[in-house]
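In: quick one: sequence plus predicted model below, questions after.
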Amino acid sequence: MGMKFKERWETLTWTWNPKSIRESSDSVVRNLLLHWFPAKVSHKSLSYRYSLWLGTISAVLFFILCATGLILMFLYVPSVERAYPSVKDIGFVASYGGFIRSVHRIAAHLMVVAVFLHMMRAFLTGAYKNGLGANQNRPVNWVLGVVLLFLTLLLSFTGYLLPWDQLAYWAITVGTNIASAAPLVGDKIRFFLLGGNQIDQNTLLRFYVLHCFVLPVSVFLLFSWHMWRVRKDGGLASVDREAQKAKEKKSIPIKTKTYALLGITSGRTVAVESSYIDQDENLVESVPNLTGRVLFVALATALLVITLAFLIQAPLEEAANPLVTPNPAKAPWYFLWLQELVADTTVHLGSFTINGALVGGILIPALLGLLLAAWPYFDRSSTAATGVWFAKERRRQNLVFLAVIFAILVLTFVGTFMRGPSWHLYWPWQAWPPSPTRF
Amino acid sequence: MKSMKLPAPPCAEGNAQNTLEAPGRRKFLYRLGWGALVAGIAGQVFAAVRALIPNVLYEPPRTFKIGLPESFADGVTYLEDHRLFIGRDRLGLYAISAVCTHLGCTVKMMNLNQPELVKIGGKPTEILQEFHCPCHGSKYYGDGTNYAGPAPRPLDWFRLEVSPDDGQIIVDSSDTVHHDFRLKA
Amino acid sequence: MKRNWDNLGIFLCGAGILLVTILVYAGQFQPEWKGYQKQFRAMVLEKYGAARAQQVPSGPQQIWAKDLNRVDRCTTCHLAVGWKGFEDAPEPFRTHDHAILEKHPIETYGCTSCHGGQGYATDLDSAHATALANWEQPLLGKDVSETYAVSDWHMMMQMNCNECHRYDRKTPGAEAINEAKALVDQKGCRACHTINGRGGVIGPDLTYEGDKSTEQHDYSRLLGVQSEFGWHVAHFMEPTAMSPGTVMPAFGFTSHQAEVLSLLVMSWKRNPVPMQFMHGVKLGDFPTPEEIAKEKQMETGEGAFFVKHTCFVCHSVSTLGIESATNIGPDLANAVTDVPARFGRPLDDFLMSPTGTMSVVLATQIHLSPEERREAIAKLKIANQLLVQQQAKTGRGKKE
C-alpha cells in the first residue's frame, strides 16, 4: 500500500524531480507549466550577478498581487457609500483581512520598484541589443517592457483610489489634474478618465474595472508576449556575449546546427552560433536547475513580501471628503517626482505663463518616456556591448541614463520626505507643524 | 541542482554521490524542508479562504421588537419588514412565518369570504384565511398547516414575549413553537 | 558550476514563510477583545453561575444601526452594556445607564452616535481614537476631558445629544448644553448672529457652525492643543486673540462657560437623522411669547431707530425699551447729561463730530447721514425726558 502510494506520487511529480537527463527533457516538453522553458540553459543565464532576477521577481509580485487581489475583490464593495466601510471591515473583522491587504499593498509598491529596477538593469547591460543570433529583435521586447512599466504604474495608481480615504481621494485628484494640463485634449482626457469633472462614483467604478480587469489582463498578455520574445531572441543577452567571446577565441566554428522547423519556418531560428550553445560544458538541464532557481527566487520574494506585510500595516485615513484638502496633498510616491516638477516648472515669460503642469507634468515625462522606449533605435554601439554591465562602448549613454534616474530619485525623495504642509521644504528629520484635530 | 537527485549531469558531479552517501539524514532534511514549505503555503492559502468566511453579518437581528400588543387588531396582520404574520384570536397573540417551508418564497395571505371548517390533524377546525405560495403552489391553512403543493411541513410559529423594559412584543425567530402557543395579552 | 545553494535557499524560505505564517496566525488568534470576553465570562460565572456565563458572546459583536449608517463593534469588549448587576464594575464591564438606553435603544442608535469613537474598530486604540489622527471623532470620554482639564467628562458627550436636541430649550441630562443655551439667551448672541434662522447679521450665521471643517479655523495664534474645540474655547475667552479685528467683545466667560459654549456651537450641524428618530423632538426653534413681544417692542417701538442702526449691540437705551445684550457702552438714556460729563461737549456737537471709540465706530461700522444723526439726537432727548420723569416718579415713590 505504501509502495503503491509512493509510485503514484512519483508519477504525479516526476516532472519536478527527474531521475535522468531524458526525464528532465521530457518534463519540459510534457508539462504545461514547464513547457515555456528551454530544455537546457547556459550557466550564464542562471547567474544572479547578471540579471539580478528582477524580471522573475516582478512576475512573482504580479502573481502575488493577483492572488491577494482576488480575495480582496470578494470583500471590497466599489461604491462611494460602501467602499471605505468595506475596507474598514477588511482591516477589523475579516480574518487575516488586514494581513492580506498589507500583502497586496507591499507587493504593489515592490512591483513598481522591481519593474523599474528591471528596466534599469536591461538598460545598463545593453540587454535590448541584438547579438549574434538570427531573427533576433530585442528592441521590440524593450518597447514591450517600457509599456509594462507604464501599465504597472497605472495598476498601482488605479488601486490607490479604491480605499476611498482622504489619502486616496486627494492623491488621485492631484494625479489626474496633471493629465488635464495636456494641451487641447487634457480636460477631455480627464473627463473621460473620471467619468465627470470630479472624482465620484463614476471614477471609483472606472478605476475598479481598470484595476481588477483591464490592466491585469493587459499585463498578463504583454508579460506572456515579453517571455515569448525572450525565447525567440535566444534567451538572455548575456548568452550572446558569451558566444561572442567564444567566437573570438576560435575563429572557425566547430559545427553548426539549425533549429528551424523544417519546411515550416524559413531560415535559422533561435540558434546562436552553435560553437557556444551546443557545447555541453556550458549547459545544464532546465529541470531542475532553472526551475529550482525560479522557485527559490519566487519563495524569497514571497517571504520578503509577507515579512514586510506582517511588520507594516496598510494605512487607512479618514473617509474621503471632497470638501477638505489635507495639507499636504501628495500623489502616490512614484509620481511625486512629477508633482515636484509640476511645482517647480511654471515659467513666466513677460505676460505669458506656461503652467508647470504642462512642462513638468506632460512635456518632460512624455519626452522621457518616448526617448526611453525608442532608445534601442538610437543606440549605435556594437554587438560587443550586448549583455554586459557598463560596457565601455556605452559609457556615455549609461552615464546620461544614470543622471536622469538620479534626478528622478532626488525629486522623488524631496517630494516624499521633504515636502510638508503647503508644499514647504522640511528636512526629513524636521517635525511638521501639527495638523489640527476636532478635539 | 545537486541535491535534487539528478544522476550526474555535467554540472552536478559529485553531488549525486553526496546524496547517495548519507541518504538517511539528507532525506530527513529534504522532507523537513519541503514539509515546512508546504505547511507555510497551505497556511497562507487557508488564511485567504478563511478571510472569505464573514465574522460579522449585515443582517437584521434574529430577535426583534414589533410594537405594543395593543397595536395588533383581531385577525391577522402582515409585517412586511419581517415577513411575519401576527395573529390575534380570543386566546391571545401568535406569530407565523411567511417563509414557505418548501424553498423560501414569501407566502400570500388569502382571507376567506366566510369561515370554513377543515380537519387539521383529524380535528375539525374553523379557519378564516389561507396562505398560498406563489412559487410552486404550496397551500397552507390559516394556522400554517400545509395541505397542498410541495411544502414538506407547516409554516413556522415563533415564540413571542413581552419586553420587561417597554412592554413591546419581542419575536424570537430562532425559537419555533407549537401551534397551541399564544401570548396572553 | 560552483556549489549550488538553491535547495538550501528553498528550504530556508519555506521555513521563513512557515514562521511568518505562524506569527500571523498567532496575532489572529490572540485579538485584544478575546481577553476581555474571557474576563467577563469569569465575572458572570462568579456572579450568576455557569448557565448565564454561556450567554456571554464570543467573537466580534456588532450593532448595525442601518438607518443611521453606523456599524458599532463596541459591545465586543463593552459586554455588560445590557446586563444588570454590573453598575459599579470597572470598564469595559459596566452596565449602561438604563433610563437613557430605554429612550435611545442601542439596536437602533448604536454607540458612537452619542459617545463618538470609531465603531468599526475592534481594538482599544483604534476604537477610542483619542491618539490617532485617522479618525475625526474621538471617544468623548475621560481621555479627551483630561486633555482640556474638563472636570466632568460627561459634559463632552452632551455635544452629541444636541445634534438632535438642538431645538430643545432644556434637555434633561444635558446640563452643560442647557447652561450654554441659557448663556446664548442671556448674553444676546442673536444681537449679532443668526442662529436657527433668527438673529442679527453683524456676525456670521452660526446655525451650522458645527459643520465647518476643522481646517477652516486659523490656528496660528492658538497655544496648546491645535484643535477646533481648543480654538473655540480660546475664541470665547478672548475673541480678538484668535481673530484680530473682530468686533465681537470679550464677555468675561469663565473657562467652564467657554467650554460649554464651544460644545454648543460645535453641535450645530446639519444632521440628517431619519424622522423615526425624532419622535417627540421639537423640530424648530420657536421664540416664546415673551420673546416675541420683546422683539416686537424693540423693532417697532420708540427705540426702533437704535435697533435698525445696530447701536443696541453695545448700548442700551433703557427708557425706550432697548436692552443691549453686551452693554459694552453706557446706557444712552442719560446721554444728554452723560456726554458732556465724559467729553466736555454737548450731545449734539459730539454726535455730529465724534471723538474716541465712537469716531471709529461711526466711520467704519455704522454709517449715519446728518439727518439720521439729528434723528438720533432727538430720540435721545426723548429718552432723557423719560428718564427724568421716571426718576421723579421713583423719587416720589420712595418718599411715599
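Out: That came through fine. Numbering: from 1, shown residues only, chains lettered A, B, ... in the order given.
In: show me where chain B has strands.
Out: Along chain B, the stretches classed as strands by DSSP state E are B:63-65, B:75-79, B:84-89, B:92-97, B:108-120, B:123-132, B:139-141, B:146-148, B:157-162, B:169-176.
In: closest to residue C:243 out of the ones you listed?
Out: Evaluated with Cβ to Cβ, the strands of chain B place strand B:63-65 nearest to residue C:243, the distance being 50.2 Å. Glycine gets a C-beta too; all of them are placed from N, C-alpha and C.
In: any idea of the mean pLDDT in the closest one?
Out: Per-residue pLDDT over strand B:63-65 has a mean of 87.
In: could you report the neighbour count for residue C:241?
Out: With neighbours defined by other Cβ atoms under 10 Å in any protein chain shown, the count for residue C:241 comes to 14.
In: and it, what is it in contact with?
Out: C:221, C:234-235 (Cβ atoms under 8 Å, 6 or more residues apart in numbering or on different chains).
In: residues of stretch B:90-107 that come out buried?
Out: Buried residues in stretch B:90-107, counting neighbours by 16 or more other Cβ atoms under 10 Å in any protein chain shown, are found at B:93-102, B:107.
In: typo on my end, it should be stretch C:71-87
Out: C:71-81, C:83, C:86.
In: which pair in the buried residues of stretch B:90-107 spans the largest distance?
Out: It's B:93 and B:102 that sit farthest apart of those, by Cβ to Cβ, at 26.4 Å.
In: and after the one helix or strand residue A:291 maps to, which helix or strand comes next?
Out: Counting by DSSP states H and E, the element that carries residue A:291 is helix A:286-311. Proceeding N to C from helix A:286-311, the next assigned helix or strand is helix A:336-344, under DSSP H and E.
In: can you give the contact residues for that next one?
Out: Residues contacting helix A:336-344 (Cβ under 8 Å, 6+ apart): A:174, A:178, A:181, A:330-331, A:356-357, A:359-361, A:364-365, A:408-409, A:411-412, A:414-416, A:419, A:423.
In: same check on stretch C:288-302?
Out: C:287, C:304, C:307, C:312, C:320-323, C:379, C:382.
In: which among those residues end up buried?
Out: By 16+ other Cβ under 10 Å, these give C:304, C:307, C:312, C:320-323, C:379 as buried.
In: okay, now the unreliable bits of the stretch 51-200 of chain A?
Out: Applying pLDDT under 70 to the stretch 51-200 of chain A flags no residue at all.
In: give me the pLDDT value at the nearest residue to residue C:281 once chain neighbours are set aside.
Out: Excluding its sequence neighbours, the residue lying closest to residue C:281 (Cβ to Cβ, 6 or more residues apart in numbering or on different chains) is residue C:164, at 6.0 Å. According to the prediction, residue C:164 has pLDDT 88.
In: residue C:164 and residue C:277 touch, don't they?
Out: Yes: shown here, residue C:164 and residue C:277 form a contact pair, counting by Cβ atoms under 8 Å, at 6.9 Å.
In: higher neighbour count, the two?
Out: More crowded of residue C:164 and residue C:277, by other Cβ under 10 Å: residue C:164, with 19 against 16.
In: let me see the ranges of the strands in the stretch 151-300 of chain A.
Out: Applying DSSP state E, counting those that start in this stretch to the stretch 151-300 of chain A gives strands spanning A:283-285.
In: contacts only, for residue A:170.
Out: A:325-326, A:329-330.
In: switch the cut-off to 10 Å
Out: Applying Cβ atoms under 10 Å, 6 or more residues apart in numbering or on different chains to residue A:170 gives the contacts A:199, A:317, A:320-322, A:324-331.
In: would you show me how to pick out the buried ones of those residues in ChimeraX?
Out: Only the buried entries of the contacts of residue A:170 go into this ChimeraX selection, using 16+ other Cβ under 10 Å:
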select /A:199,317,320,324,326,328,330,331
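In: just give me the neighbour total for whatever residue of the stretch 151-300 of chain C ends up closest to chain B.
Out: Proximity of the stretch 151-300 of chain C to chain B (Cβ to the nearest Cβ) peaks at residue C:276, 12.4 Å away. Using other Cβ under 10 Å, residue C:276 has 8 neighbouring residues.
In: what's the answer for residue A:411, then?
Out: Neighbours around residue A:411, by other Cβ under 10 Å: 19.
In: longest helix in chain B, by residue count?
Out: Secondary structure of chain B per DSSP state H: the longest helix is helix B:23-50.
In: in that helix, what's buried?
Out: B:30, B:33, B:36-37, B:39-41, B:43-44, B:47-48, B:50.
In: now stretch C:25-32
Out: Buried-residue list, stretch C:25-32, by 16+ other Cβ under 10 Å: C:25, C:31.
In: ok, and what's touching it?
Out: A:92, A:95-99, A:310, B:43, B:46-47, B:50, C:37, C:59-60, C:76-77, C:122-127.
In: for ChimeraX, what selects the buried ones among the residues you listed?
Out: Filtering the contacts of stretch C:25-32 down to the buried ones (16+ other Cβ under 10 Å) takes a single ChimeraX command:
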select /A:92,95,96,97,98,99,310 /B:43,47,50 /C:37,60,76,77,122,126,127
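In: got phi/psi on residue C:225?
Out: phi -60, psi 130 (degrees, to the nearest 10).
In: what is the burial count for residue 171?
Out: Just going to use chain A. 23.
In: chain B was what I was after
Out: Using other Cβ under 10 Å: residue B:171 sits among 22 other residues.
In: separation between it and residue B:58?
Out: 20 Å (Cβ to Cβ, to the nearest Å).
In: now residue A:430
Out: 45 Å.
In: who's more crowded, the two?
Out: Using other Cβ under 10 Å, the more surrounded residue of residue A:430 and residue B:58 is residue B:58, with 12 against 9.
In: quick one: the more buried one from residue A:378, how far?
Out: For residue B:58, the distance to residue A:378 - Cβ to Cβ - is 59 Å.
In: do a quick rundown of the helices in the stretch 151-300 of chain A.
Out: With DSSP state H, counting those that start in this stretch as the criterion, the stretch 151-300 of chain A has helices at A:166-179, A:186-194, A:201-209, A:215-232, A:237-249, A:274-277, A:286-311.
In: so how far is the longest one off the chain centroid?
Out: Here helix A:286-311 is found 17 Å from its chain centre; the criterion is Cα atoms, centre = their mean, to the nearest Å.
In: the fifth one now?
Out: For helix A:237-249, the distance between its averaged C-alpha position and the chain's averaged C-alpha position is 29 Å (Cα atoms, centre = their mean).
In: hmm, it touching chain C?
Out: No: using Cβ under 10 Å from any Cβ of the partner chain, helix A:237-249 never reaches chain C; the gap is at least 14.0 Å.
In: do the same with the longest one
Out: Yes: Helix A:286-311 is in contact with chain C by Cβ under 10 Å from any Cβ, via A:288-311.
In: would you mind listing which of the residues you listed are buried?
Out: Here, 16+ other Cβ under 10 Å leaves A:288-310 buried among the residues of helix A:286-311 next to chain C.
In: buried stuff in stretch C:354-374?
Out: C:354, C:358, C:361, C:373.
In: can you add pLDDT, distance to chain A and secondary structure and give those back as CSV?
Out: Listed next are the buried residues of stretch C:354-374 as CSV, based on pLDDT from 0 to 100; distance: Cβ to the nearest Cβ, whole Å; DSSP: H, G, I helix; E, B strand; the rest coil:
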residue, pLDDT, distance to chain A, secondary structure
C:354, 87, 41, coil
C:358, 85, 38, helix
C:361, 82, 33, helix
C:373, 89, 45, helix
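In: ok, so of the residues you listed, who is nearest residue B:145?
Out: Nearest member of those to residue B:145, counting by Cβ to Cβ, is residue C:361, at 87.1 Å.
In: let me know the closest of the buried residues of stretch B:90-107 to chain C.
Out: residue B:95 (18.8 Å).
In: which residues does the closest residue to that closest one other than its chain neighbours bridge with?
Out: Leaving aside its sequence neighbours, residue B:95 sits nearest to residue B:158 (Cβ to Cβ, 6+ apart; 4.4 Å). When assigned by DSSP bridges, residue B:158 has beta-bridge partners residue B:95, residue B:176.
In: quick one: neighbours of residue B:158, just the number.
Out: Neighbours around residue B:158, by other Cβ under 10 Å: 21.
In: right, I'll leave it there.
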